[in-house]
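Trainee: I'd like to go over a predicted model; first the sequence, then the structure.
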Amino acid sequence: MAAGSPVNASELPLDLVSPSVEVDAPLDDRDIELVQTTFEKVAAVGPEAAGRILFGHIFRIAPEAKELFPFAKDEETMWLPGSRLEKHGARVVSTVATAVSLLKDLDTLVPVLQTLGLKHVGYKVLPPHYEIVGQAFIATLDDALQTEFTEAVKNAYLKVWKIVQATMIGDNYAK
């Protein structure tokens, strides 16, 4: 950029620290920008690797979760390249990437999440499982983003996860 040239705000690096993000505040454009910008780094790891990391965190946090996944019965082969775990993890990460890309298009995103939530009822997923996946998701982001996983970035992702979780659970468990 030449000296004295006007600065285009979109050319400035995104401040990952300031201002802070209140996790209980409504999702706003800055949150979406923080998530979409930083998720590019997660995507760069590759969906297979990110999926293995995610499931590693899920099974560390809740070893009993292995019961929900037929591919998790064989400890020796489930972590191998090309395994069912890797393929499933890649699908999960790809779905998250799609959700991240649609954060400004909730009319499209919400029905996708509602359908996905209904499918997960059939997989015997219960509302408390979403908390476990949320914790594992945050731990995966921490691994991938490292120093870029600031408190503001973390809180923006927590806000997004709350929306994803609430939408997927919806009325699927009402008695």
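Mentor: Right, received. Where do you want to start?
Trainee: neighbours of Phe121, just the number please.
Mentor: Check again: residue 121 is Val, not Phe. The tally of other residues near Val121 (other Cβ atoms under 10 Å) stands at 14. The way it works is simple: take the backbone N, C-alpha and C, and place the C-beta from them, glycine included.
Trainee: was I right about it contacting Gly170?
Mentor: No - the criterion here is Cβ atoms under 8 Å, and Val121 misses it with Gly170 at 9.8 Å.
Trainee: Okay, now the unreliable bits of the protein?
Mentor: 1-20, 175 (pLDDT under 70).
Trainee: change it to 90
Mentor: 1-27, 42-45, 71, 73-77, 174-175 (pLDDT under 90).
Trainee: At which residues are the helices of it located?
Mentor: 29-45, 47-61, 84-101, 106-122, 127-145, 151-169 (DSSP state H).
Trainee: So for Val23, which of the ones you listed sits nearest?
Mentor: Among the helices of the chain, the nearest to Val23 by Cβ to Cβ is helix 151-169 (4.3 Å).
Trainee: What are the buried residues along that closest one?
Mentor: Neighbour-count burial for helix 151-169 flags 152-161, 163-165, 167-169 (criterion: 16 or more other Cβ atoms under 10 Å).
Trainee: ok, back up a step: can I get the helices of the chain in CSV including distance to Asp74?
Mentor: Output for the helices of the chain, formatted as CSV (distance: least, Cβ to Cβ, whole Å):
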stretch, distance to Asp74
helix 29-45, 25
helix 47-61, 13
helix 84-101, 9
helix 106-122, 23
helix 127-145, 21
helix 151-169, 28
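Trainee: Can you say which of these is nearest to Val21?
Mentor: Nearest of those (Cβ to Cβ): helix 151-169, 4.0 Å.
Trainee: Right, I'll leave it there.
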